[in-house]
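Chemist: my questions concern the predicted model and sequence given below.
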Amino acid sequence: MLAKIVVINSNGGALKVKGVAGVCLMLKWFCMLLMFGFATAFMVSYLDHIDIDAGTSGTLIGGFVWSCIGLLFAYIFQRSRPAKATIRFIGSSIVVVLALATGAAVLVGAIWVQPERDFIDAQLEGASCGKYTGNIQKGWEEICEEQRLRQLRSESPVLSK
């Protein structure tokens, strides 16, 4: 007996899809969702919003590739299509998912990551050189060195020329 899957269409009515075609339809959407998730995570790391190691990066790329393979099988098994149509569908799906993932990564950077970096940079402006305040943040060495050189220049007339 074939399983029934109910999908709500855009008119609000229920569209009943039977059998393997319904499972493949759901699998296609699931694979595209996974592709979007893996691609967005990779793009966020690629745009230097977060730091990840090579193993995690490889896992994200592998997850994207396996999701593409799942999408390909779901598309092929849904119904018989010519190879040209299959290549066109997979190619356009990958391009759309990558474009959406890039947009999402840019938004994550602009809305979430960049304000955090600005906040940290503002905290570094008043770095307490030589005193431990509980937080060690990147860039404090350069800031303290600049402050030390400015102090030396202001105290010594030879260095200020």
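Modeler: Perfect, thanks for sending it. Small disclaimer: the values here were computed from a predicted structure and weren't measured.

Chemist: confidence score at residue 49?
Modeler: According to the prediction, residue 49 has pLDDT 76.

Chemist: now do residue 44
Modeler: The score at residue 44 is 89. That number is its pLDDT.

Chemist: for it, give me its contacts.
Modeler: Residues in contact with residue 44 (C-beta atoms under 8 Å, 6 or more residues apart in numbering) are 50, 105, 108-109. C-beta coordinates here come from the backbone N, C-alpha and C atoms, glycine included.

Chemist: which stretch of helix or strand covers the nearest residue to it once chain neighbours are set aside?
Modeler: Leaving aside its chain neighbours, residue 44 sits nearest to residue 105 (4.6 Å; criterion: C-beta to C-beta, 6 or more residues apart in numbering). Element membership of residue 105 [criterion: DSSP states H and E] is helix 83-108.

Chemist: elements contacting that helix?
Modeler: Using 3 or more C-beta pairs under 8 Å, 6 or more residues apart in numbering; DSSP states H and E as the contact criterion, the secondary-structure elements in contact with helix 83-108 are helix 19-46, helix 54-78.

Chemist: ok now the longest one, how far from the chain's centre?
Modeler: Mean C-alpha position of helix 19-46 versus that of the full chain (C-alpha atoms, centre = their mean, to the nearest Å) differs by 14 Å.

Chemist: next: the last one.
Modeler: Here helix 54-78 is found 16 Å from its chain centre; the criterion is C-alpha atoms, centre = their mean.

Chemist: you'd agree residue 50 is in a helix?
Modeler: No. According to DSSP: H, G, I helix; E, B strand; the rest coil, residue 50 belongs to no helix; its state is coil.

Chemist: if I look at it, how far off is residue 146?
Modeler: Taking C-beta to C-beta, to the nearest Å as the criterion, residue 50 is separated from residue 146 by 28 Å.

Chemist: right, I'll leave it there.
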